[in-house]
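Peer 1: Based on what follows, work out the 3D shape:
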Amino acid sequence: MSNLAIVYFSGSGKTHLMAQAIAEGATQLLGVKVELLRIVKEQIVNGVWQDAEILEKLNQADAIVFGSPTYMGGVAGQFKLFIDAASEVWFRQEWKDKIAAGFTHSSCASGDKQGTLLYLAINASQHGMIWVNVGDLPSQFLEKDDGVNRLGSFLGVMGQGTDLSGVEAKLALDPGDRLTAFRFGKRIAEAAERWSQVK
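Peer 2: Numbers count the residues shown, from 1 in each chain. Purely as a prediction, here's the structure:
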């Protein structure tokens, strides 16, 4: 049985929906436990992110999935504060050999989302973690175009879309992005299960 933690910040709610889809995909494997750990403004005190309970949950996890919207070509400031606070974990190498993965969302088609995913992968590498990629070809090259990996991202999952119809509109992900995130969650859980058998 694997314990998977998804730690993320979401401003508009789209990154939260991606985290939920990843969690749903991961729980397709029997016995996998998933916990969503959302970074919120109340955890930031005097410019420093503080939440010992979340750090302890991440320390106990077999896999950690990192998520942030892409703002100005990189992770959100709130998420960066979390990463900076986790440097104490880095000193003790508590996340070494855990499975890691990442995801992001932005309004623009490019939005420089790859910069965010590179940052997440580099941070995981500094912790000595094992990075899991998307593993799905863009479906427009396949017989069945269901929108999976429609943005052609392989390092981690990307989502894109903006809702211009006003605050009353229902928040939703592009169906292809949601399916990609769901499949990614299952892939991460499978990787965590395999890795736990060889550790």
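Peer 1: element containing residue 80?
Peer 2: helix 77-85 (DSSP states H and E).
Peer 1: Using CSV, list the CA coordinates for that helix.
Peer 2: Listed next in CSV are the C-alpha coordinates belonging to helix 77-85 (Å, rounded to 0.1, in the frame of the first residue of the first chain):
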residue,chain,number,x,y,z
GLY,A,77,5.0,33.1,-4.9
GLN,A,78,3.0,31.2,-2.2
PHE,A,79,4.3,27.9,-3.5
LYS,A,80,7.9,29.2,-3.6
LEU,A,81,7.6,30.1,0.1
PHE,A,82,6.6,26.5,0.8
ILE,A,83,9.6,25.2,-1.2
ASP,A,84,11.9,27.6,0.7
ALA,A,85,10.5,26.4,4.0
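Peer 1: Would you mark the buried spots in it?
Peer 2: 78, 79, 80, 81, 82, 83, 85 (16 or more other CB atoms under 10 Å). Using the backbone N, CA and C atoms, a C-beta is placed for each residue, glycine as well.
Peer 1: For stretch 109-126, the averaged confidence score.
Peer 2: Per-residue pLDDT values over stretch 109-126 give a mean of 95.
Peer 1: hmm, who's touching it?
Peer 2: Residues external to stretch 109-126 that are found in contact with it (CB atoms under 8 Å, 6 or more residues apart in numbering): 64, 66, 68, 70, 73-75, 83, 90, 95, 100, 102-106, 131, 151, 153, 155-156, 158, 160.
Peer 1: if you set the cut-off to 7 Å instead, what comes out?
Peer 2: Stretch 109-126 is contacted from outside by 66, 68, 70, 73-75, 83, 90, 100, 102, 104, 106, 131, 153, 155-156, 158, 160, using CB atoms under 7 Å, 6 or more residues apart in numbering.
Peer 1: of the residues you listed, buried ones?
Peer 2: Buried among the contacts of stretch 109-126 by 16+ other CB under 10 Å: 66, 68, 70, 74-75, 83, 100, 102, 104, 106, 131, 153, 155-156, 158, 160.
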